[in-house]
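J.: With the input below, show me the fold.
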Amino acid sequence: MSHLRQPELLLAEAIEETVPQPDPPVVIPLGGGRSLEVRPERDAATLRIRAEGDRQLQIEVRFEASGPVLRVEAPQLQVETPRAVSFACETFNVEASRGIDLRSGGDITQTAAGNARVDAQRVDVEASPGAIRLKANDEVQLLGEMILLNSDDPRLAAPMPEWASGPRVAPEVAAAPTSGDPDLVAELLSRARAGGDGSAPEGR
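T.: The predicted structure is shown next:
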């Protein structure tokens, strides 16, 4: 049966010889366990700078038909320049597993031709010593379980002291002729002392 498969093997070997095989990569040692690797491919070429074991540093530049693609892997990446850093792209995505901190010694401007949305467990906005201004051409809607204006959250306020939590009793102030007709006030006081009804006399 082997003589029957021999033409098929010859055909496969002939096809394999006609298909161009990729050239082997060229590795250039850089010292310190680092190396430069150039790997040519059919429709692209890849340039890699690797550290020992590929665990510390890897810079890859892939030259594709649509343009070069840069890929960097490192434990830490720092970019420092005394001038500006600009990015121009179709989509800009940033994903951080722990946090994002943006600081500016001047102003911060955010502009979107579409919608702007902020989703978070809690949102704090503070302006000090300036003001906060909200402006909308349409309605402004506030939805919340409790909306406070110029007031602290009563659930977070300190408890009232015992002396202020008891019943409020108005202090007793003795009547005195400090206003009105002195004669009328004197007559009302005399009737109060005598046990009268305290009503005003006729003609007063």
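J.: now the helices for the chain?
T.: Secondary structure of the chain by DSSP state H: the helices cover 2-18, 162-165, 182-194.
J.: Let me see the mean pLDDT of the longest one.
T.: In this model, helix 2-18 carries a mean pLDDT of 56.
J.: in the protein, which ranges drop under the pLDDT threshold?
T.: Along the chain, the model assigns pLDDT under 70 to residues 1-22, 42-44, 53-57, 163-180, 196-204.
J.: 50 instead?
T.: For the chain, applying pLDDT under 50 flags the ranges 1-2, 4, 198, 204.
J.: Quick one: neighbours of Ile49, just the number.
T.: Using other Cβ atoms under 10 Å, Ile49 has 16 other residues around it. C-betas here are computed from N, CA, C, even on glycine.
J.: so what's the nearest residue to it once chain neighbours are set aside bridging to?
T.: Leaving aside its chain neighbours, Ile49 sits nearest to Ile59 (4.3 Å; criterion: Cβ to Cβ, 6 or more residues apart in numbering). Taking DSSP bridges as the rule, Ile59 bridges to Ile49, Val72.
J.: what sits against Ile59?
T.: Going by Cβ atoms under 8 Å, 6 or more residues apart in numbering, Ile59 touches 48-49, 70-73.
J.: Phi, psi for Glu139 please.
T.: Phi and psi for Glu139, reported as degrees, to the nearest 10, are phi -70, psi 160.
J.: number of nearby residues for it?
T.: 5.
J.: what does Glu52 give?
T.: When neighbours are defined as other Cβ under 10 Å, Glu52 has 11 of them.
J.: if I look at it, how far off is Glu37?
T.: Counting by Cβ to Cβ, to the nearest Å, the gap from Glu52 to Glu37 is 13 Å.
J.: go on, Gly114?
T.: Distance, Gly114 to Glu37, by Cβ to Cβ: 43 Å.
J.: Compare the two (neighbour count), which wins?
T.: Shown here are Gly114 and Glu37; by other Cβ under 10 Å, Glu37 has more neighbours (15 against 5).
J.: contacting residues for the closest residue to the more buried one other than its chain neighbours?
T.: Among residues not flanking Glu37 along the chain, Arg48 sits closest, at 4.4 Å (Cβ to Cβ, 6+ apart). For Arg48, the contacting residues are 36-39, 58-61, by Cβ under 8 Å, 6+ apart.
J.: what does stretch 87-95 rub up against?
T.: Contact with stretch 87-95 is made by Ile100, as judged by Cβ under 8 Å, 6+ apart.
J.: Can you get me a residue count around Val27?
T.: Val27 is flanked by 13 other residues according to other Cβ under 10 Å.
J.: next one: the one 5 residues further on
T.: Other residues near Gly32 come to 8 when the count uses other Cβ under 10 Å.
J.: Could you do Glu126 as well?
T.: For Glu126, the neighbour count with other Cβ under 10 Å is 6.
J.: same thing with the one 10 residues further on?
T.: Residue crowding around Ala136 was assessed by other Cβ under 10 Å; the count is 7.
J.: if I pick Val79, what's in contact with it?
T.: Residues in contact with Val79 (Cβ under 8 Å, 6+ apart) are Val85.
J.: Would you map the strands across the chain?
T.: Using DSSP state E, the strands of the chain run over 26-31, 34-40, 45-50, 58-64, 67-73.
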